[in-house]
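Trainee: compute the structure for the input listed below.
(chains A and B)
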2 protein chains.
Amino acid sequence: MKESPLFWPAELKGDRLMVLDETRLPEELYYIAVTNTDEAVKVIREMKTRAFGQFLVVLNTFLLVLQKKYAFSQELFEELRKTAEALNSSRPTFPFSEVTSIVIGWANQALAQQVEIKPFLEKNIQGFLMGIKMKRLQRVQEIANLINDGDSVLTHCNVSGELAMASQLCREQNKDIHFFATETRPYFQGSKLTCWELKEAEANVTLVADNAVGSLMMDGLIDKVIIGSDRSCANGDIVNKIGSYQIAVLAKEFKIPLFALTQPSNKIPKGEDIPIELRNPEELLMFQGKRIVPEKTQGFYPGFDIVPGELIEKQIMIDPSGR
Amino acid sequence: MKESPLFWPAELKGDRLMVLDETRLPEELYYIAVTNTDEAVKVIREMKTRAFGQFLVVLNTFLLVLQKKYAFSQELFEELRKTAEALNSSRPTFPFSEVTSIVIGWANQALAQQVEIKPFLEKNIQGFLMGIKMKRLQRVQEIANLINDGDSVLTHCNVSGELAMASQLCREQNKDIHFFATETRPYFQGSKLTCWELKEAEANVTLVADNAVGSLMMDGLIDKVIIGSDRSCANGDIVNKIGSYQIAVLAKEFKIPLFALTQPSNKIPKGEDIPIELRNPEELLMFQGKRIVPEKTQGFYPGFDIVPGELIEKQIMIDPSGR
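Mentor: Predicted coordinates for the structure are as follows:
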């Protein structure tokens, strides 16, 4: 099984964190070198990386901070705390604080036990990352097991490598399957990322407009829906890329099972408790540097929506904290 | 009330039919000069004009044919018959034959009654066009009456001037209303046509991605949905721009009334009997001359979908044949 670049889109190389620039795909496989917290916040805020990539950037940014020289442990601790704060506020919908608080917890632990912060944190963060990689590979297997020979699977936005890798497992299992990918306006993650990585994995994929989902289902062309999730809640709700909710309503209408790849986030009771990021409407109004609407048109661009738990057949969960 | 250019997008000027090039909007108000049947078929097939514009092109093309010199009535009749055939096959989803057969019927009538074809047809076609204009203006009034003060109205694709003109009536009636227009991928009719003509009419309009419809409804931001229709059926089904069906399912989910502007087409029993045009997937894969997906990606682009009659609160009908 070949690993999709989107499966692990950020990796530390010496003193630079190399982050896959997803906005340049599929034209080129380009990595941005991130060397400090400000640059890390920037790649997240400008959506150069997204979904799982953000999570990797957050954890690796602490490794970058640890590489710098600090006269006192307290000075390093203060720097880690500031880093956590900056990352937490980079994009509103994401629970970055759930991850950064784990790291700060380890740093506190090191201070309390009077062990050196740097090696203790490095070991913990690297172990944490390794554990997640293992679990994600297991989930690829679980996804492949969900898909039957002959299935036509609809996906929305991009699930960071796992679907592309599951498609390879399906082929090894002699399952003949087909994917429909939505374009996922306004960012075109489906056109640019999902189609690209599924093609790279030699999967059979067809691109459709977000508008075509109902029509495909009415024509009996979809057997399963598999989407990711940016947040999940204690009551089973998830928050995912805008458009996920309407796909889920349509899937219910046609009794098509919808599977969601999730990470637990039990601190949040329900979907409504999660702030939905309102992104810059320019992303709707401009395309490739050109304005596609009349001057002064206003746009409204919520980046995510809530899929109520009752519309989800099954959540395929990874717990990054190892619980 | 100012007339939107989309309300009457094709008009005969001497020996040239001036057709509004909707693909150049909103950048410029450009009219293509059509002088013969081949050119008429081309503007329809290439979607330079669409919806009501196509209907105007079809009728006016006969007026162009009538302007040419023919030695015998039979020769003119043969030319009219060929014109009808060419127009009928220009795009599959449209019932052009229902319109062209009326014209051919008049020509037959002239032949049978031994009156000169040319003046008889010109008078009939011009009267027909005038009648439709009157009825469409009445429908603008009906649309305005549907909308209450404070309403937020969602529309999809473009309804050729009527909504923009209804918004002006609403303002004259001191109704404070707001529109949400979907982008309407892949052709962006919402971004390019609907936003443009609503802005020109000084209406309050916000553009959203097609993906945002479910989220807007969940947040209680939509009171009514108003869409057009490309075809309608005896059982109340309509066929309209791809994406209409899923909007209708969502509207039902939220008990939001959906109104459709229709033309009767009682010859067709139900939606499934209407062939759905599969447009060139390049329209999904390219944007402004640039490929936005990886090489060899395949796309699937049905141009329309079926909205079952039971999802439509009320049809606001115009019968172009005057029945």
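
Trainee: stretch A:264-274 close to chain B?
Mentor: No - with C-beta under 8 Å from any C-beta of the partner chain as the criterion, chain B is not reached by stretch A:264-274; the gap is at least 9.7 Å. Yep, even glycine has a C-beta here, placed from its N, CA and C like the rest.

Trainee: backbone phi and psi for residue A:261, please?
Mentor: phi -90, psi 120 (degrees, to the nearest 10).

Trainee: tell me what it is bridged to.
Mentor: Counting by DSSP bridges, residue A:261 is bridged to residue A:316.

Trainee: count the neighbours of residue A:11 for me.
Mentor: Residues contacting residue A:11 under the criterion other C-beta atoms under 10 Å in any protein chain shown number 14.

Trainee: pretty sure it sits against residue A:18.
Mentor: Yes - with contact defined as C-beta atoms under 8 Å, residue A:11 reaches residue A:18; the gap is 5.7 Å.

Trainee: in the longest helix anywhere in chain A, which residues are buried?
Mentor: The longest helix of chain A (DSSP state H) is helix A:117-146. For helix A:117-146, the neighbour count (16 or more other C-beta atoms under 10 Å in any protein chain shown) marks A:117-118, A:120-121, A:124-125, A:128-129, A:132, A:135-136, A:139-140, A:142-144, A:146 as buried.

Trainee: next one: stretch A:262-281
Mentor: A:262-265, A:268, A:271, A:274, A:276-277, A:279, A:281.

Trainee: kindly report the same for stretch A:224-244.
Mentor: Of all the residues in stretch A:224-244, those buried under the rule 16+ other C-beta under 10 Å are A:224-233, A:236-244.

Trainee: of these, list those near chain B.
Mentor: Among the buried residues of stretch A:224-244, chain B is touched by A:241-243 when using C-beta under 8 Å from any C-beta.

Trainee: out of those residues, who's nearest chain B?
Mentor: Of all these, chain B sits closest to residue A:243, with 2.9 Å by C-beta to the nearest C-beta.

Trainee: just checking, residue A:149 touches residue A:223?
Mentor: No - between residue A:149 and residue A:223 there is no contact under C-beta under 8 Å: 10.8 Å.

Trainee: out of these two, which sits in the more crowded spot?
Mentor: Ranked by neighbour count (other C-beta under 10 Å), residue A:149 and residue A:223 place residue A:223 first, with 16 against 10.

Trainee: any regions of chain A where pLDDT drops low?
Mentor: A:266, A:320-323 (pLDDT under 70).

Trainee: do a quick rundown of the helices in chain A.
Mentor: Secondary structure of chain A (DSSP H): helices at A:37-45, A:52-67, A:73-88, A:96-112, A:117-146, A:162-172, A:189, A:195-200, A:213-218, A:244-253, A:282-285.

Trainee: take those helices and lay them out in a markdown table including distance to residue B:38.
Mentor: Shown next, in a markdown table, are the helices of chain A (distance: least, C-beta to C-beta, whole Å):
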| stretch | distance to residue B:38 |
| --- | --- |
| helix A:37-45 | 53 |
| helix A:52-67 | 52 |
| helix A:73-88 | 62 |
| helix A:96-112 | 61 |
| helix A:117-146 | 52 |
| helix A:162-172 | 46 |
| helix A:189 | 42 |
| helix A:195-200 | 37 |
| helix A:213-218 | 32 |
| helix A:244-253 | 41 |
| helix A:282-285 | 37 |
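
Trainee: next up, phi/psi of the residue nearest the centre of chain A, please.
Mentor: Closest to where the C-alpha atoms of chain A average out (C-alpha atoms, centre = their mean) is residue A:51, at 1.8 Å. The phi and psi values for residue A:51, taken as degrees, to the nearest 10, are phi 50, psi -130.

Trainee: any figure for the gap between it and residue A:224?
Mentor: Note on residue A:51: its distance to residue A:224, by C-beta to C-beta, to the nearest Å, is 20 Å.

Trainee: residue contacts, the residue in chain A sticking out farthest from the centre?
Mentor: Here the centre of chain A is the reference, and by C-alpha atoms, centre = their mean the most remote residue is residue A:71, at 36.5 Å. By C-beta atoms under 8 Å, 6 or more residues apart in numbering or on different chains, the contact list for residue A:71 is empty.

Trainee: fine, thanks again, bye for now.
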